[in-house]
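Novice: Please work out how this folds:
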Amino acid sequence: MQAFSIPKKLLVAVDGSEGSLAAARYAIELAVMLRAELHALHVVQIPEYVSADVKVRLEKELRSRGEVTLSKVRDLAVTRKLTTHERVITTSKSVVAAICQEAANRSIDLVVLGNNGGGGMAQLMLGSVAAGVVREASCPVLVVR
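Specialist: Numbering: from 1, shown residues only. Okay, the predicted model is just below:
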């Protein structure tokens with residue numbers, strides 16, 4: 001049996017949906033209570049099959065949206081006197097793999113995610129991202145409803 005330890009490094013993955021921002025609020029409160037570091041992540045997924053010029057424009061736009069989303073997390077954290085470490089990453093592969101790799105690279109103790117996105121296809125995708133991270137992550141995962 002693996003020994004339990006209090007998480008000291010949390011990672012919250014956000015996509016800008018209300019569900020992911022609810023997860024961010026939960027992660028912020030948890031980080032404050034545990035006196036833990038909070039890392040906020042936004043993953044931009046760019047398909048491999050798009051042309052180079054479309055890829056550049058699309059990445060610029062989606063990274064910009066990601067920065068706006070992360071600024072919302074930062075603003076929420078500031079109200080609780082918590083500093084966040086924010087990062088936007090781009091992948092042409094799986095969002096699940098990107099989140100799990102980031103958690104491993106940063107020695108994260110707990111990943112926090114929302115269980116649904118903004119509705120329609122986005123909701124379906126974030127639900128599958130949450131399920132995939134629960135399945136693939138090397139650390140515990142908390143899914144916020």
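Novice: chain center to stretch 129-140: distance?
Specialist: Centroid displacement of stretch 129-140 relative to its chain, using C-alpha atoms, centre = their mean, to the nearest Å, is 12 Å.
Novice: which residues are in contact with it?
Specialist: For stretch 129-140, contacts defined as C-beta atoms under 8 Å, 6 or more residues apart in numbering pick out 7, 13, 94-97, 99-100, 103-104, 108-111, 113-116, 141, 143. C-beta here means a position set from N, CA and C on the backbone, and glycine is covered the same way.
Novice: Could you tell me which of these count as buried?
Specialist: 7, 13, 95-96, 99-100, 103, 108-111, 113-116, 141, 143 (16 or more other C-beta atoms under 10 Å).
Novice: Among those residues, which lie within strands?
Specialist: Cross-referencing those against strands under DSSP state E gives 13, 110, 111, 113, 114, 141, 143.
Novice: Can you list the low-confidence ranges for this protein?
Specialist: Scanning the chain for pLDDT under 70 picks out 1-2, 117-126.
Novice: can you do 90?
Specialist: Within the chain, the set of residues satisfying pLDDT under 90 comprises 1-4, 48, 50, 93, 115-128, 145.
Novice: how about the helices of it, start to end?
Specialist: 18-34, 52-78, 95-105, 120-136 (DSSP state H).
Novice: contacts for stretch 101-109?
Specialist: By C-beta under 8 Å, 6+ apart, stretch 101-109 touches 5, 7-11, 36, 39, 41, 87, 89, 111, 137-140.
Novice: Identify, from those, the entry nearest to residue 63.
Specialist: residue 89 (9.2 Å; C-beta to C-beta).
Novice: how much space between that closest one and residue 41?
Specialist: 7 Å (C-beta to C-beta, to the nearest Å).
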